[in-house]
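Engineer: Compute the structure for the input listed below.
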Amino acid sequence: VRRLRYGDLRLSEGEHGKIAWPADTDKTGKAWLTPISPDVRARLLKILRERPGLGPAPLFPSPRNLSIPVTEAGIVCWLRKAQALAGLPRLPHDAFHGLRRKWATERKHLPDVDVAKAGGWRSIGTMKRAYQHADDAGVLEAVMEPRKLREYSSS
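Structural biologist: Numbers count the residues shown, from 1 in each chain. Purely as a prediction, here's the structure:
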């Protein structure tokens with residue numbers, strides 16, 4: 001996200017807009033396009049009103065050099081400050097992977113292929129193994145809502 005550019009936004013495409021994630025900013029070198037939610041669209045429009053920009057300019061520039069993206073350390077610092085201001089506990093370890101885990105876990109009830117594509121995972125196995133976690137609500141649902149079999153298999 002920190003390496004997004006103004007030109008990566010496709011706000012006129014799809015129902016609420018899309019983001020084109022270019023291969024040169026993806027750690028696996030994969031380009032992909034994903035739709036955005038109304039909430040993400042509203043936040044992007046706010047950024048565009050406050051800091052208009054075009055094309056290759058970074059959406060989240062470094063405070064010291066507006067022509068390059070904020071560093072990873074810089075964006076983690078911003079996240080820590082935002083957590084403190086909001087009175088939220090600090091996320092353990094790599095904060096952004098924690099947010100991706102939360103995002104993926106909140107979507108466990110949806111088809112794996114759709115969640116993986118929306119989240120930019122190339123491998124469903126990686127998404128499920130490293131990002132989706134059991135949660136109390138899901139475990140309770142598994143206990144309380146079995147599917148009733150109509151016939152038993154002999155195998």
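
Engineer: Do a quick rundown of the strands in this protein.
Structural biologist: Under the criterion DSSP state E, the chain contains strands at 9-10, 18-21, 32-35.

Engineer: need these in JSON lines with mean neighbour count, mean pLDDT and distance to residue 102, can you?
Structural biologist: The way it works is simple: take the backbone N, C-alpha and C, and place the C-beta from them, glycine included. JSON lines is the format used below for the strands of the chain (neighbours: other Cβ atoms under 10 Å; pLDDT from 0 to 100; distance: least, Cβ to Cβ, whole Å):
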{"stretch": "strand 9-10", "mean neighbour count": "18", "mean pLDDT": "97", "distance to residue 102": "24"}
{"stretch": "strand 18-21", "mean neighbour count": "18", "mean pLDDT": "95", "distance to residue 102": "19"}
{"stretch": "strand 32-35", "mean neighbour count": "15", "mean pLDDT": "92", "distance to residue 102": "17"}
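
Engineer: Any idea how far apart the tips of stretch 128-146 sit?
Structural biologist: 21 Å (Cα to Cα, to the nearest Å).

Engineer: thinking again about what came up before, just so I know, which of the strands of the chain lies nearest residue 90?
Structural biologist: Across the strands of the chain, residue 90 has its closest neighbour in strand 18-21 (27.4 Å, Cβ to Cβ).
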